[in-house]
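K.L.:
starting from these lines, generate the structure:
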Amino acid sequence: MAPSTEQLLEMDRQAWTIRLFEEALAQVYMEGKSPAFDIGSGTIPGEMHLSAGQEPVAVGTCAHLGQEDTVVGTHRAHHFAIAKGVDLKEMAAEIFGKETGLGKGKGGHMHLFDPKRKFSCSGIVGASFPVACGAALAAKKKEKDWVAVAFAGEGAANEGSFHESLNLAALWKLPVIFIIEDNAWAISVAKSKSTAIPYNSQRAVAYGIPGVRVEKNDFLSVYDAAGEAIARARHGEGPTLIEVKTDRYFGHFIGDPELYRPKDEVKSLKAADPIGQFEQTIIAKGLVSRAQLDKERETAVKAVDEAIEFARKSPYPKSEEALEHVFA
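P.N.:
This is a model prediction of the structure:
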């Protein structure tokens, strides 16, 4: 089923919220890190992995999900969290290490958890697959029509957890969807140098489940593929493996010199920016107006500004609470 006008506008707002949030974080992250880059200094210490350019994967998929469905993300997870409906202010505060954050400032940007929205992520490569299988198994045992979605990069598809999870999900016919973001780079290693086959979606045949390759970094293409897979899962037909060709505009992390990338690669990728193409398509089809989309972007700008300001003004955790709310 094609998305409604309301869904299209919501998808556009989410896409802009993700893009603007990531661009804002890229600027804030560099505060206090010059003239010499020090990963442990500044307003936001530690690593920072941003998802600008990869919005269609998260937005196109999560458009089909409800609050009871589970999403498990990766170390690069802001777009999944936003698309799943995680509170932007609480997420920003967590990234800033503030006590008003999702994890009271003790998890940081790679460890975002929101039980209310059934969202989580991890800095461990390939960790999303078994966790999503566990959520899917719980839904099946409870006899609910809930689904779980595991997102991961193409490098994670070479991890043992990927193959073990696909095997288990297929064997038990779990309501789980595995979605691989193929942004061509596993940190700094090209896919052609790490993976024996051209498409990870081809690996689905080994487990007797559908494998789908989405060749365009396109919201509507992802929406269609994810919608079919999620419907299958809800009806007890088991898992699906989807691989989406997408684009990473930033380096693996902020501060990455990106010497491994061909010159002007990012410039050429941005020439086919998915948000602009999405808006052009739905305007051309007469589904929405330019004015409606501009309003959604304005809403996103306000939300991002307020989230960053909230995070800046929030207090840091108290030193005497260092061992509270953590696993010992």
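K.L.:
which residue ranges of the stretch 101-250 of the chain form helices?
P.N.:
With helices called from DSSP state H, counting those that start in this stretch, the stretch 101-250 of the chain shows them at 128-141, 160-172, 191-194, 219-234.
K.L.:
among these, which is nearest residue 53?
P.N.:
Closest to residue 53 of those is helix 219-234 (CB to CB; 12.6 Å). For the C-beta atoms, the positions are set from N, CA and C on the backbone; glycine is no exception.
K.L.:
who does that closest one touch, helix- and strand-wise?
P.N.:
helix 5-29, helix 55-62, strand 176-182, strand 211-214, strand 240-245, helix 274-284 (3 or more CB pairs under 8 Å, 6 or more residues apart in numbering; DSSP states H and E).
K.L.:
mean pLDDT lowest where, among the helices of the stretch 101-250 of the chain?
P.N.:
Lowest mean pLDDT of the helices of the stretch 101-250 of the chain: helix 191-194, a mean of 93.
K.L.:
tell me which residues in it are buried?
P.N.:
residue 191 (16 or more other CB atoms under 10 Å).
K.L.:
nearest residue to the middle of this protein?
P.N.:
residue 80 (3.1 Å; CA atoms, centre = their mean).
K.L.:
residues contacting that one?
P.N.:
Residues in contact with residue 80 (CB atoms under 8 Å, 6 or more residues apart in numbering) are 58, 62, 71, 73, 74, 119, 121, 151.
K.L.:
how deep is the residue nearest to residue 216 when sequence neighbours are not counted tucked in, by neighbour count?
P.N.:
Excluding the flanking residues, the one nearest residue 216 by CB to CB, 6 or more residues apart in numbering is residue 245, at 6.7 Å. Residues lying near residue 245 (other CB atoms under 10 Å) number 20.
K.L.:
again, but for residue 266
P.N.:
Neighbours of residue 266 under the rule other CB under 10 Å: 17.
K.L.:
for the remainder of this discussion, apply numbering that starts at 605.
P.N.:
From this message on, residue numbering opens at 605, which makes the last subject residue 870.
K.L.:
fine by me, we can end here.
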